[in-house]
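Asks: Give me a 3D structure for the following:
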Amino acid sequence: MSSANNRPLFRHNAMMHYMNNEKKKNAPHFLSLPITLCLWLAFVLLILALGFVSWRMQIPVNITGSGVITTVNSDIGPTADQTTKQASTNLTAKKSHTNTTIQPQGTTANVNETVAVALLPPEQTSKLRIHQPVHLSIGNATLQEDGTVANIGKSPLTPNEIYTQYHLDKSTVFITQPLIAVLIHVSPTFPLTHYTGTLFTAQIQVGTQCLLALFPYIGTLFQS
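Replies: Numbering: from 1, shown residues only. Model (predicted):
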């Protein structure tokens with residue numbers, strides 16, 4: 001009788017022991033306070049390091065436009081090299097105390113000279129400067145070539161002037177607004193004459209900006 005009466009008691013104790021073990025298994029395991037603080041400190045330092053690198057890292061700012069390799073027979077203004085030569089010539093003439101006045105020629109290329117001309121909207125040319133680097137993707141982007149800005153047109157050309165001056169086909173090139181002609185200087189070893197009439201895409205680097213400027217909201221603080 002005594003053993004029969006004790007069975008419910010033992011069964012109750014076993015159930016309580018089992019439930020206590022289950023609670024220990026399911027209870028969340030928290031890290032100690034020093035470890036938690038160290039992890040948060042490492043996370044904050046990582047964020048600060050990434051922010052510093054993003055602030056110091058400069059990326060190029062490009063203006064993208066289209067252009068054509070063609071022969072020119074009109075003036076869009078003197079190139080930088082020609083301007084320098086003309087200024088030197090005028091200075092030499094003044095030093096010689098002669099009465100001869102040498103006027104700048106104001107031409108970019110001789111008749112029938114093959115050049116690369118980029119055509120850009122006037123609102124995109126405010127940041128253009130002579131000698132800025134240019135990357136050309138010629139044709140179907142299969143041919144890449146680097147160059148520099150040699151000259152920037154003083155006034156926009158109408159669509160009809162562009163079609164006539166640069167021998168463009170109206171059926172393949174659609175121009176709906178006045179554009180500024182930008183002469184691109186490429187390496188003399190590059191065979192421009194082999195690609196006469198070929199269109200290209202020009203990426204002109206007009207400056208740099210920090211990487212943080214690309215992030216939303218934060219970037220507005222770094223805009224000039």
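
Asks: how near is residue 141 to residue 175?
Replies: In this view, residue 141 and residue 175 are 21 Å apart by C-beta to C-beta, to the nearest Å. All C-beta spots, glycine's among them, are computed from the backbone N, C-alpha and C.

Asks: List the neighbours of whatever helix or strand residue 163 lives in that are in contact with it.
Replies: Per DSSP states H and E, residue 163 falls inside helix 159-165. Residues from elsewhere that reach helix 159-165 (C-beta atoms under 8 Å, 6 or more residues apart in numbering): 72-74, 119, 157, 168, 170, 173, 175-179, 181.

Asks: on that earlier part again, compare residue 141 and residue 175 and say which is more crowded by neighbours.
Replies: Neighbour count, other C-beta atoms under 10 Å: between residue 141 and residue 175, residue 175 has more, with 17 against 10.

Asks: Mind giving me the packing neighbours of the longest strand along the chain?
Replies: Ordering each strand of the chain by length in residues (DSSP state E) puts strand 58-72 first. Contacts defined by 3 or more C-beta pairs under 8 Å, 6 or more residues apart in numbering; DSSP states H and E place strand 58-72 against strand 113-120, strand 180-186, strand 199-210.

Asks: quick one: low-confidence parts of the protein?
Replies: For the chain, applying pLDDT under 70 flags the ranges 1-12, 14, 17-18, 20-31, 73-112, 215-224.

Asks: Domain-wise, how is it divided?
Replies: 2-56, 60-213 (automatic domain parsing).

Asks: Could I get the helices and strands packed on strand 58-72 in a markdown table, plus columns for mean neighbour count?
Replies: What follows is the helices and strands packed on strand 58-72, written out as a markdown table (neighbours: other C-beta atoms under 10 Å):
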| stretch | mean neighbour count |
| --- | --- |
| strand 113-120 | 22 |
| strand 180-186 | 22 |
| strand 199-210 | 17 |
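
Asks: circling back to that earlier point, pull the longest strand of the chain out as CSV, backbone CA atoms only.
Replies: Presented in CSV, the C-alpha positions along strand 58-72 are these (Å, rounded to 0.1, in the frame of the first residue of the first chain):
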residue,chain,number,x,y,z
GLN,A,58,37.6,60.3,-54.7
ILE,A,59,35.7,59.1,-57.8
PRO,A,60,35.5,60.8,-61.2
VAL,A,61,32.6,62.9,-62.3
ASN,A,62,31.9,62.5,-66.0
ILE,A,63,29.9,64.1,-68.7
THR,A,64,28.7,61.7,-71.4
GLY,A,65,27.9,62.7,-74.9
SER,A,66,28.0,61.5,-78.5
GLY,A,67,30.3,62.5,-81.3
VAL,A,68,31.6,61.6,-84.7
ILE,A,69,35.0,61.2,-86.4
THR,A,70,34.8,63.4,-89.4
THR,A,71,36.7,65.9,-91.6
VAL,A,72,36.3,69.5,-90.7
